[in-house]
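*Asks:* Task: produce atomic coordinates for the following.
(2 chains)
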Amino acid sequence: MTNPTYSTDGSTNRDWLDGLLEADGADARSSYVADGGFTARVMQALPVRLTLPAWRTPAVAALWIMALAGISFALPGAVLDIAREMYRLLGAHPVSLSGMVGALLAAGALTWSAAAYALRTSE
Amino acid sequence: MASSEVPDAQLIARALVGDDRHAFAELVRRHQSTVRACLRKLTAGNHALADDLSQETFVLAWRNLKSFRQEARFSTWLYRIATNCWLADARKRKEELLGDRDDQVADDDGNAVESGQVHGDHARGATLKIDLERAMAVLTEGERAAIVQCYHNDLTHEEAAYVLDCPVGTVKTHVLRGKQKLKLALAAWAPDGAK
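*Replies:* Residues are numbered from 1 along each chain as shown, chains lettered A, B, ... in the order given. Model prediction:
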């Protein structure tokens, strides 16, 4: 037993109750509680964890890239028009770097919050 | 733990990174006995309640495995969750039977003297066990938890403080006060010189 009993003055002393509690503890530790299906019950009760698999992020990014590449291949004129209009818009109303970063962060936060909410409610 | 066994840390990593339920099942199998025994002690021998709380403990461990920072042994972390589950349950029930148990312990003290004198060593040991269990029931939640962690689970005061989420000094105080109450409740079992 590693726990000496401390008296109020800080000194250590041991008495009959220490011996009794230690013996009871040692006895309990030496006796094994049989599983009896306990582990199986716990495993059945485990919820599905919210964590995403490691491959999900690169897979989603690859899908987005493939989708954008497909659109630009199928509708090259439309993609060029959109890019040209975007360039003109940005040229007419110059946006600061901090403003762009702020907008990107806000969009990212909104996207991830929506994704987390959707995952949570679908569980 | 046998040397051929996969270490807890490795099983935890597998359960975390690969969402490996088999690894977690092995952890449950490995620690169920100590967690259930600890909760049986905390619930003063109520096996059904202890098993319910043990199941809750492992489910919470699974949910919060990410927050286990390895600053303590896995078993100590499980004791912490188990103690919190028991405390939450005990507070919910408000220890409605406490008054009855007080009377019971008082009655049993009388019986213990008698049985201790009449029966042999084996019966005497069994009776003492029952008396100790009942005497534990009269302690406050903090006192009982501190005594169980320090004596039953053989934790150091520092480890018990981690489990109970309180300062080491508080653990020592709980142990001292708990022991004083136990001495009163188990006075009949004290050796002649200590009475």
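*Asks:* can you pull the contacts of the residue nearest to the spatial centre of chain B?
*Replies:* Centroid-nearest residue in chain B: residue B:38, 3.4 Å away (criterion: Cα atoms, centre = their mean). Residue B:38 sits next to B:79, B:82, B:83, B:148, B:152, B:153 when contact means Cβ atoms under 8 Å, 6 or more residues apart in numbering or on different chains. Where C-beta positions appear, they are placed from N, C-alpha and C, glycine not excepted.
*Asks:* Pull out the buried residues from these.
*Replies:* With burial judged by 16 or more other Cβ atoms under 10 Å in any protein chain shown, the buried subset of the contacts of residue B:38 is B:79, B:82, B:83, B:148, B:152, B:153.
*Asks:* Does chain B have contacts with the lowest-mean-pLDDT helix or strand in chain A?
*Replies:* For chain A, using mean pLDDT, DSSP states H and E, the weakest element among its helices and strands is helix A:97-122, scoring a mean of 83. No. Applying Cβ under 8 Å from any Cβ of the partner chain, one finds helix A:97-122 separated from chain B by no less than 13.3 Å.
*Asks:* and that helix, how far from the chain's centre?
*Replies:* Remark: helix A:97-122 is offset 16 Å from the chain centroid, using Cα atoms, centre = their mean, to the nearest Å.
*Asks:* Tell me the spacing between residue B:9 and residue A:36.
*Replies:* When distance is defined by Cβ to Cβ, to the nearest Å, residue B:9 is 28 Å away from residue A:36.
*Asks:* where does the chain dip in pLDDT?
*Replies:* No chain in the question, so chain A it is. Within chain A, the stretches with pLDDT under 70 are A:1-13, A:49-52, A:120-123.
*Asks:* ah, I was thinking of chain B
*Replies:* Low-confidence segments of chain B (pLDDT under 70): B:1-4, B:94-122, B:193-195.
*Asks:* all helices of it, in order?
*Replies:* Secondary structure of chain B (DSSP state H): helices located at B:8-17, B:21-42, B:47-63, B:74-93, B:98-118, B:121-136, B:141-147, B:157-164, B:168-185.
*Asks:* Buried residues in the second one, which are they?
*Replies:* Of the residues in helix B:21-42, those buried by neighbour count under the rule 16+ other Cβ under 10 Å are B:23-28, B:30-42.
*Asks:* Could you do the third one as well?
*Replies:* Neighbour-count burial for helix B:47-63 flags B:49, B:50, B:51, B:53, B:54, B:55, B:56, B:57, B:58, B:59, B:61, B:62 (criterion: 16+ other Cβ under 10 Å).
*Asks:* surely residue A:28 meets residue B:39?
*Replies:* No. The pair residue A:28 and residue B:39 does not pass the contact test of Cβ atoms under 8 Å, sitting 11.7 Å apart.
*Asks:* and residue 88, how many neighbours?
*Replies:* The chain I'm using is chain A. As a burial measure, residue A:88 scores 10 neighbours (other Cβ atoms under 10 Å in any protein chain shown).
*Asks:* Let me rephrase: I mean chain B.
*Replies:* Counted by other Cβ under 10 Å, the residues lying close to residue B:88 total 12.
*Asks:* Can you add distance to residue A:78 and give the helices of chain B back as TSV?
*Replies:* Below are these laid out as TSV (distance: least, Cβ to Cβ, whole Å):
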stretch	distance to residue A:78
helix B:8-17	43
helix B:21-42	48
helix B:47-63	48
helix B:74-93	57
helix B:98-118	76
helix B:121-136	77
helix B:141-147	69
helix B:157-164	62
helix B:168-185	70
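*Asks:* So for residue A:58, which of these sits nearest?
*Replies:* helix B:8-17 (15.8 Å; Cβ to Cβ).
*Asks:* Give me the phi and psi for the residue of chain A most remote from its centre.
*Replies:* Within chain A, the residue lying farthest from the chain centre (Cα atoms, centre = their mean) is residue A:16, at 50.4 Å. Taking degrees, to the nearest 10, you get phi -60, psi -30 for the backbone angles of residue A:16.
*Asks:* Repeat that for residue A:95.
*Replies:* Taking degrees, to the nearest 10 as the convention, residue A:95 sits at phi -110, psi 140.
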